[in-house]
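K.L.:
fold the following.
(one chain, ligands or ions: 2)
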Amino acid sequence: MVRLKTREHASLSSFIQGNFKQSLGKRIDSLNINNTFENTITKRRDQARRSILVQVYSLNSQDDLQSYCIQFGDVLSMHHYQKNKQHNYILVEFKDIVSVNKIISSASFMDGDFVAPVKSSVFWFRKGKFVCHKRNSEKKIFLSTENGCICPTEKEIANFLQNAKSISGQIIDLYEALKLNDLETRLRFHTAYHLEQYFSRLFQNTKVLPFGSSLNGFGRKRCDLDLVLLPDNIEENNAASRLVFHTKPMKLSERHETREFMEILASTMQHFIPGVCNVRKILEARVPIIKFLYEYTNIECDLSTTNMAAVYMCELLYLYGEIDWRVRPLVTAIRKWAKNQEITSDVPGPWITNFSLSLLVLFYLQQKNILPSLRVLKTYATSDDIRCTENGIDCTFLRNLEKLPPEYKYKSNQDNLESLLHGFFDYISTFDFHTKGICIREGVPIRKPSRSALHITNPLETTLNVCKNVNIYELNRITEKAHDAIYILETTDNSRNSNWGLAALLNMKNIDIMNMIKLNNKKEENTTNSLEEIHEISEVNEVDINQPKKKKKKKETV
Ligand code: GTP
Ligand code: MG
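P.N.:
Ligands and ions are numbered 1, 2, ... in the order given. I've put the predicted structure just below:
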């Protein structure tokens, strides 16, 4: 019988409690120098290189697979997950890459139909023609995770929110349940490395990096995976060599060349890379991308090329998440609220994106003196922090948070998450978006430099507005929903109602708010004031004549 170190499918509450203990620990050492973004990437990429992904018939194949793998080298860990509740996979981590190379060399192709014969670190584990005899000396590797990629349903989320002791507790529970776990992160790096294995056969020294919410700490389970293909300049130019390769010039800084290059990549991916399916090209956008589904993990991916600015942006958001433990739970709760209220959507349109919404939350936390401005992070940058993108964007800012002066590390503001959540809704529902813009770089509101409804300055390229797409109707909806949220938070009662606090906020519908107000009015003596509130809320909920197309319904559970 397989024994587990952790069971992801164990009761959700114990799962959350366990994770929460870890996060309490993290509060204490959250400024740990080893947690730098670059260190994290290096560690995870190395882990991906030392790992293979094996599709097995069932979990019972684990022992057999282990016996097979250890013929090639020491196995450090094994992680199991299921796709669509039927396909079983085990991610096997070896101690060193030599073992992986050996196992790849020893593997064979499928008999029968002609296939594109390209080797990688993804395999089937077929029924053994040669039985792997268990050696007595063989140490049993217990699965680190069984069924490690489950996603809580809305009902499960509602249940554990109901049992939390406070709204702050609910926010932490939600964050712990939705954040990417170790296996999910390993699989995201595995996906990047899988592509890299193929691309590096076409082009020397290329690497594929994950970025976006999968890496910045704001990602939730099943969020898309943003990937970027980059030149990897690790190989020094050998000046002593008399022989120089004949090559073709590639000007990826020029738009049409990038598009042509991506056309080729997309076709190659569709036809030759196993696991890649449903490839779509969006090449006319400011940042051209190839969208595809990675079927071994069921993750939607967006691949771009030479987009280092987005990677540094991801690093900046990661850094803000590391500065204070309240940042990530708060951003998660607000992103979830926005998703449930259809303020954000998986499809592009004139509404705010998760990325811009996260910047809005970071800006609010700057107003609360919890986060420093980017200007401060730039002021304390050292020579190790100098970074510049391929097209000259200066992305220099302090990376080592230990070097941040104490006044930014040890904050006087100790507000709990509930009060910050309330404060956020209060802030955005009263902010003068008409004349002012949001600027993370300065950390204070600025005079609005554009005619867009909503202006949030791109922190790294200050001439750009990341919310140029947002129209006035969508902006008004955000502020209306924030008003409604304040009402819910102020009237929520956990002693009488199972749908209280954050749960009420996530589930709120206009009709619920109207009913709640009516209910409260009956109970309160002072009817005059309450009627004024009804009037206010029904006014803000009126449909604008410019009401846009409906957002597409989400397919995910979370
Ligand atoms: P979700 O995928 O919705 O979970 O959030 P995300 O933060 O990953 O956003 P998204 O996938 O839309 O974008 C991926 C990354 O690209 C972001 O984290 C940013 O670093 C960057 N990005 C997204 N939108 C913009 C934008 O409008 N301007 C700039 N400069 N970068 C952007
Ligand atoms: Mg993303």
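K.L.:
taking the stretch 51-200 of the chain, what residue is nearest to ligand 1?
P.N.:
Leu180 (10.4 Å; C-beta to the nearest ligand atom). C-betas here are computed from N, CA, C, even on glycine.
K.L.:
residues contacting the closest residue to that residue other than its chain neighbours?
P.N.:
Spatially, and ignoring its direct neighbours in sequence, Leu180 is nearest to Gly219 (5.2 Å; C-beta to C-beta, 6 or more residues apart in numbering). Counting by C-beta atoms under 8 Å, 6 or more residues apart in numbering, Gly219 makes contact with 179-180, 212-213.
K.L.:
sec struct for the residue lying closest to Ser51 once chain neighbours are set aside, please.
P.N.:
Distances taken as C-beta to C-beta, 6+ apart place Glu93 nearest to Ser51, at 4.7 Å, with adjacent residues excluded. Recorded secondary structure, Glu93: strand (DSSP: H, G, I helix; E, B strand; the rest coil).
K.L.:
follow-up on the earlier one: would you confirm that the residue of the stretch 51-200 of the chain closest to ligand 1 contacts Asn216?
P.N.:
No: using C-beta atoms under 8 Å, Leu180 is not in contact with Asn216, being 10.8 Å away.
K.L.:
so which of the two has more stuff around it?
P.N.:
Neighbours were counted for Leu180 and for Asn216 using other C-beta atoms under 10 Å; Asn216 has more, 23 against 20.
K.L.:
tell me how far that one lies from Leu183.
P.N.:
For Asn216, the distance to Leu183 (C-beta to C-beta, to the nearest Å) stands at 19 Å.
K.L.:
Provide the secondary structure category for Asp302.
P.N.:
strand.
K.L.:
does Phe189 lie in a helix or a strand, and which?
P.N.:
Using DSSP states H and E, Phe189 sits in helix 182-202.
K.L.:
so how far is Leu230 from the residue nearest to His190 when sequence neighbours are not counted?
P.N.:
With sequence-adjacent residues excluded and distances taken as C-beta to C-beta, 6+ apart, His190 is closest to Ala48, at 5.0 Å. According to C-beta to C-beta, Ala48 and Leu230 sit 15 Å apart.
K.L.:
neighbour count: those two, which is higher?
P.N.:
The neighbour comparison of Ala48 against Leu230 (other C-beta under 10 Å) goes to Ala48, with 25 against 19.
K.L.:
quick one: the more buried one from ligand 1, how far?
P.N.:
19 Å (C-beta to the nearest ligand atom, to the nearest Å).
K.L.:
model confidence for that residue, exactly?
P.N.:
Listed pLDDT for Ala48 reads 97.
K.L.:
part of a helix, is it?
P.N.:
Yes: when three-state DSSP is applied, Ala48 is found to be in a helix.
K.L.:
may I ask you to confirm that it is in contact with Gln197?
P.N.:
No: under the criterion of C-beta under 8 Å, Ala48 is not in contact with Gln197, lying 10.0 Å apart.
K.L.:
quick revisit: could you count how many residues lie near the residue nearest to Ser51?
P.N.:
20.
K.L.:
now Ser168: closest residue in space, sequence neighbours ignored.
P.N.:
Nearest to Ser168 is Leu417, by C-beta to C-beta, 6+ apart, at 4.1 Å.
K.L.:
can I get the helix holding Phe189 in CSV, CA atoms only?
P.N.:
Provided in CSV are the C-alpha atoms of helix 182-202 (Å, rounded to 0.1, in the frame of the first residue of the first chain):
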residue,chain,number,x,y,z
ASP,A,182,4.6,22.8,-5.0
LEU,A,183,3.5,20.2,-7.6
GLU,A,184,1.6,22.8,-9.6
THR,A,185,4.6,25.0,-9.7
ARG,A,186,6.9,22.1,-10.7
LEU,A,187,4.5,21.3,-13.5
ARG,A,188,4.5,24.8,-14.8
PHE,A,189,8.3,24.8,-14.9
HIS,A,190,8.2,21.3,-16.5
THR,A,191,6.0,22.7,-19.3
ALA,A,192,8.4,25.5,-19.9
TYR,A,193,11.3,23.0,-20.0
HIS,A,194,9.5,20.6,-22.3
LEU,A,195,9.1,23.4,-24.9
GLU,A,196,12.7,24.5,-24.3
GLN,A,197,13.9,20.9,-25.1
TYR,A,198,12.4,21.2,-28.5
PHE,A,199,13.2,24.7,-29.3
SER,A,200,16.9,24.2,-28.3
ARG,A,201,17.2,21.6,-31.0
LEU,A,202,16.3,24.3,-33.6
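K.L.:
up against ligand 1, what does the stretch 251-400 of the chain have?
P.N.:
310, 313-314, 353-355 (C-beta under 6 Å from any ligand atom).
K.L.:
output the below-cut-off pLDDT ranges for the chain.
P.N.:
1-34, 112-113, 129-138, 233-237, 252-253, 494-496, 508-558 (pLDDT under 70).
K.L.:
what is the neighbour count of whichever residue of it sits closest to ligand 2?
P.N.:
Ligand 2 sits closest to Gly212 of the chain, with a gap of 3.5 Å, by C-beta to the ion. Using other C-beta under 10 Å, Gly212 has 23 other residues around it.
K.L.:
what about the closest residue to it other than its chain neighbours, neighbour count?
P.N.:
Leaving aside its sequence neighbours, Gly212 sits nearest to Asp226 (C-beta to C-beta, 6+ apart; 3.2 Å). The number of residues packed near Asp226 is 26, by other C-beta under 10 Å.
K.L.:
who are the contact partners of Asp226?
P.N.:
Asp226 neighbours (C-beta under 8 Å, 6+ apart): 210-214, 301-302, 304, 310.
K.L.:
in the sheet, who's paired with it?
P.N.:
Phe211, Asp302 (DSSP bridges).
K.L.:
isn't Leu215 right up against Leu316?
P.N.:
No: in this structure Leu215 lies outside contact range of Leu316 using C-beta under 8 Å: 11.7 Å.
K.L.:
higher neighbour count, these two?
P.N.:
A direct count of neighbours by other C-beta under 10 Å for Leu215 and Leu316 places Leu215 higher, at 25 against 21.
K.L.:
and the residue of the stretch 1-150 of the chain nearest ligand 1?
P.N.:
Phe37 (12.2 Å).
K.L.:
ok, which stretches of the stretch 201-350 of the chain are helices?
P.N.:
If you assign secondary structure with DSSP state H, counting those that start in this stretch, the helices in the stretch 201-350 of the chain sit at 213-216, 255-272, 308-323, 327-340.
K.L.:
figure out which of those helices is closest to Thr396.
P.N.:
Nearest to Thr396 among the helices of the stretch 201-350 of the chain is helix 308-323 (9.2 Å), distances taken as C-beta to C-beta.
K.L.:
which strands or helices does that closest one pack on?
P.N.:
helix 37-49, strand 206-211, helix 213-216, strand 225-231, helix 327-340, helix 354-367, helix 374-379 (3 or more C-beta pairs under 8 Å, 6 or more residues apart in numbering; DSSP states H and E).
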